[in-house]
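Novice: need coordinates for the following:
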Amino acid sequence: MSDAVRAVYHIDALWTCTTHALREDSPPVEADGCTDVVGEFRFDAPVAPIDLVRLDQSCAWCFEMLRVRLQQVFLSLDRRRAVIVFRAPDLESVRQACRQAARVLNRDRDTAAAP
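Specialist: Residues are numbered from 1 along each chain as shown. The predicted structure follows:
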């Protein structure tokens with residue numbers, strides 16, 4: 001994983017929302033008992049899209065246990081901010097999954113820094 005993802009990230013906001021199709025050909029929203037949760041994230045260093053995929057994969061067990069699915073990522077051009085859409089039972093599930101992801105990142109960073 002690159003140093004950018006090992007850098008600290010900050011959650012600026014999380015909120016639940018509803019999804020509304022703006023076109024008739026939009027796919028239907030799943031009736032899975034979950035809701036959409038949108039998060040705003042800031043990164044201390046630029047992050048590559050592949051690093052976000054790796055982060056999702058490294059925390060897959062936690063995301064699966066909490067029924068949190070990463071749906072979509074909107075990464076700013078400077079790669080220091082992202083809006084991420086999750087599908088989860090509730091906001092707290094996403095918050096817990098993000099806390100666990102931060103622990104994994106910190107552990108990986110500390111392991112990489114060790115001599």
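Novice: from now on I want contacts and neighbour counts done on CA atoms only, so please keep to that.
Specialist: Will do.
Novice: which residue ranges form the strands in this protein?
Specialist: In the chain, the segments counted as strands under DSSP state E are 9-17, 35-43, 69-75, 81-88.
Novice: dump the ones you listed to JSON lines, plus distance to Cys98 and mean neighbour count.
Specialist: Listed next are the strands of the chain as JSON lines, based on distance: least, Cα to Cα, whole Å; neighbours: other Cα atoms under 10 Å:
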{"stretch": "strand 9-17", "distance to Cys98": "9", "mean neighbour count": "14"}
{"stretch": "strand 35-43", "distance to Cys98": "10", "mean neighbour count": "20"}
{"stretch": "strand 69-75", "distance to Cys98": "11", "mean neighbour count": "15"}
{"stretch": "strand 81-88", "distance to Cys98": "11", "mean neighbour count": "21"}
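Novice: looking at the ones you listed, which is closest to Asp56?
Specialist: strand 69-75 (7.5 Å; Cα to Cα).
Novice: what angle do that closest one and strand 81-88 make?
Specialist: Per axes from the mean of the first three to the mean of the last three Cα atoms, to 10 degrees, the angle that strand 69-75 makes with strand 81-88 is 170 degrees.
Novice: out of the strands of the chain, flag the one nearest Gln100.
Specialist: Closest among those, using Cα to Cα: strand 9-17, at 12.6 Å.
Novice: contacts for that closest one?
Specialist: Here strand 9-17 makes contact (Cα atoms under 8 Å, 6 or more residues apart in numbering) with 35-44, 90-91, 95, 102.
Novice: low-confidence ranges in the chain?
Specialist: 1-9, 18-31, 104-115 (pLDDT under 70).
Novice: can you give me the helices for it?
Specialist: Along the chain, the segments classed as helices by DSSP state H run 3-6, 49-58, 60-65, 91-113.
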